[in-house]
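Undergrad: starting from these lines, generate the structure:
(one chain, ligands or ions: 2)
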Amino acid sequence: MEGKTIEKSFDTQYLKDYLIDHGVKPSTIRIKVLEYLLKNRIHPTAEDIYNAVYEDIPTLSKTSVYNTIDLFLEKNIIQIINTGNKESRYDIDTSIHGHFSCNICNRVFDFDIDSIEYDKSILDGFIINEQKVLFKGICNSCK
Ligand SMILES: [Zn+2]
Ligand SMILES: [Zn+2]
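TA: Ligands and ions are numbered 1, 2, ... in the order given. Just a heads-up that it's a prediction; the model follows:
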C-alpha cells in the first residue's frame, strides 16, 4: 500500500497526550511535526517535514526539526528507513512491516511481512533488536 495523506484532523490535546505517552514533553514544534507525520503517511524525509511545518512556524530552523526527529527516534515514535539513496525517510508506523523503495519516483510503499517464509533456524538463540525488510525496484506507476 502506498502512503496516503489523511484528511482527518487531530486535536491538540490528542497530539499532546500522544507525546506524553511516549515520554516526550509537548512543544509547538513537536506537536506540529507529530501532526504532519500522522497525517502524511508517505515516509517523508527531514526536508519534507521541514518544508511542511515551516508553513505554520516561519521561525522554524532545520536544526530544531533534526532535533525533534532524533528525539522521536529515541522515544520510538518513529522509525528510520534507510533506502540507500538520498536522504533517510521516517515512518510514524513503528510496527514491523516491509518497505519497497522505487528507484525512479523515490516513493516508499509499505507491505506486510508476516507472510514471508524464511528459515529462522540459523538465528536460534540470537537476540533480534530490529527487523528491517527493504525491497528496491520500480513501482507499477513508473514501470
Ligand atoms: Zn515509482
Ligand atoms: Zn512504513
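Undergrad: got a list of what residue 102 touches?
TA: The neighbours of residue 102, taking CB atoms under 8 Å, 6 or more residues apart in numbering as the test, are 108, 109, 136, 137, 138, 139, 142. Where you see a C-beta, it was placed from the backbone N, CA and C, and this is true even at glycine.
Undergrad: cool, and residue 74?
TA: Here residue 74 is in contact with no residues (criterion: CB under 8 Å, 6+ apart).
Undergrad: tell me the confidence at the residue most central in space within the chain?
TA: In the chain, the residue lying closest to the centroid (CA atoms, centre = their mean) is residue 91, at 1.2 Å. On pLDDT, residue 91 comes in at 97.
Undergrad: show me what it bridges to in the sheet.
TA: Beta bridges link residue 91 to residue 79 when assigned by DSSP bridges.
Undergrad: around ligand 1, which positions in this protein sit nearby?
TA: Residues of the chain lying near ligand 1 by CB under 5 Å from the ion: 102, 104, 105, 139, 142.
Undergrad: now render the residues you listed as TSV, adding secondary structure and distance to ligand 2.
TA: Shown next, in TSV, are the residues of the chain next to ligand 1 (DSSP: H, G, I helix; E, B strand; the rest coil; distance: CB to the ion, whole Å):
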residue	secondary structure	distance to ligand 2
102	strand	14
104	coil	19
105	coil	16
139	coil	14
142	coil	19
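Undergrad: of those residues, keep whichever come out buried.
TA: The neighbour-count test (16 or more other CB atoms under 10 Å) marks 102, 139 as buried among the residues of the chain next to ligand 1.
Undergrad: now tabulate the residues of the chain next to ligand 1 in CSV and tack on pLDDT.
TA: Shown next, in CSV, are these (pLDDT from 0 to 100):
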residue, pLDDT
102, 95
104, 94
105, 94
139, 97
142, 98
